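Trainee: any chance you could fold what I've pasted below:
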Amino acid sequence: MGENSLPAKTRELHSHHFDSTIWNDFRFRDDDIVISTYAKSGTTWMQQVISQLLFSGEEDLEVAEMSPWLDLRVPPKEVKLPAIEAQTHRRFLKTHLPVDALVFSDKAKYIYIGRDGRDVVWSLYNHHLKANEAWYDALNNTPGRVGPSIERPCPSIAQYFDEWLEKDGFPFWSFWDNARTWWAIRDLPNVHLVHFANLKADMASEIRGIADFIGSPIDESKWEQILEHCSFDYMKANAAKSVPLGGAFWDGGAETFIHKGVNGRWRDVLSAEGIAGYEKRAASELGPECSHWFATGKMS
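Mentor: Model prediction:
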């Protein structure tokens, strides 16, 4: 990508989850918002934030339905694209793709949420462990899957982390590809980076920054409602509105999908050697500035 050029799509990604070709047929609107993460980095939280900004603190929004995961291959694009085209509100879509597997718009607004990879894995493990037979059936048996099926996770989260790190995102997708491609375009005027830890530490300031970025003025009379509805406690209590299919794919329902939102749980499991090994790998894959931001939320 040149200094003044837009990112270009250079590849398609297919897996038990992905069908990136949907972006080739998607018709952008100039005010579209695209929410991007690796996975388990605050995607659902950001969808809630955007919905609250666009609808001024309204209750009972069907956020999961309003904000579909575009590149998830179920339902297929023949079903998904007409439904999105029919939406009349300002659209806010979700993706887990690296930049070079997207079709990139110079008019849409892109919000990328980063999180330390170790925290990602701890959240991802719960997501995978609690998935039920309907989840496996949808991902593995819906026609069109490319590549291996996804199987049940191993019983040890330490082993799960080791495999994820060794095989770069196994059994999902590459963390490093996702992280470095979004970091590379962080200075584009229509890209805004948010870190999970910063959103937790000062949600009010982060939400105001997001509102400015998407050009959605805050109704100050609704500010306290917006903050309440973006709180973890509120989202947990109203999880069925935010989680795909109301949480039908997970044992325990939607509240399982919205898990703890806690960072640093890996410190009680990983050895000092394991922590150092991850940090060395992150610096090698991402470079010192990018790896520092993903670990801390701070620009070095």
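
Trainee: mind checking pLDDT for residue 264?
Mentor: pLDDT, residue 264: 89.

Trainee: from residue 239, how far out is the residue lying closest to it once chain neighbours are set aside?
Mentor: Sequence neighbours aside, residue 119 is the residue nearest to residue 264 in space, at 7.1 Å (criterion: CB to CB, 6 or more residues apart in numbering). For every residue, glycine as well, the C-beta is placed using N, CA and C. Going from residue 119 to residue 239 by CB to CB, to the nearest Å gives 20 Å.

Trainee: equivalent analysis for residue 131, please.
Mentor: Distance, residue 131 to residue 239, using CB to CB: 16 Å.

Trainee: thinking residue 96 is in contact with residue 37, fair?
Mentor: Yes: in this structure residue 96 lies within contact range of residue 37 using CB atoms under 8 Å: 6.4 Å.

Trainee: residues in contact with the nearest residue to residue 19 once chain neighbours are set aside?
Mentor: Excluding the flanking residues, the one nearest residue 19 by CB to CB, 6+ apart is residue 73, at 3.7 Å. Residue 73 makes contact with 14, 17-19, 142, 144-145, according to CB atoms under 8 Å, 6 or more residues apart in numbering.

Trainee: so how far is residue 51 from residue 73?
Mentor: 24 Å.

Trainee: again with residue 297
Mentor: Counting by CB to CB - residue 297 and residue 51 are separated by 23 Å.

Trainee: so for those two, which residue has more residues nearby?
Mentor: Between residue 297 and residue 51, counted using other CB atoms under 10 Å, the more crowded position is residue 51 (23 against 20).

Trainee: which helices and strands sit right next to the helix or strand containing the more buried one?
Mentor: Here residue 51, judged by DSSP states H and E, is contained in helix 43-54. For helix 43-54, the packing partners by 3 or more CB pairs under 8 Å, 6 or more residues apart in numbering; DSSP states H and E come out as strand 33-36, helix 63-66, strand 92-95, strand 109-114, helix 203-214, helix 223-229, helix 232-237.
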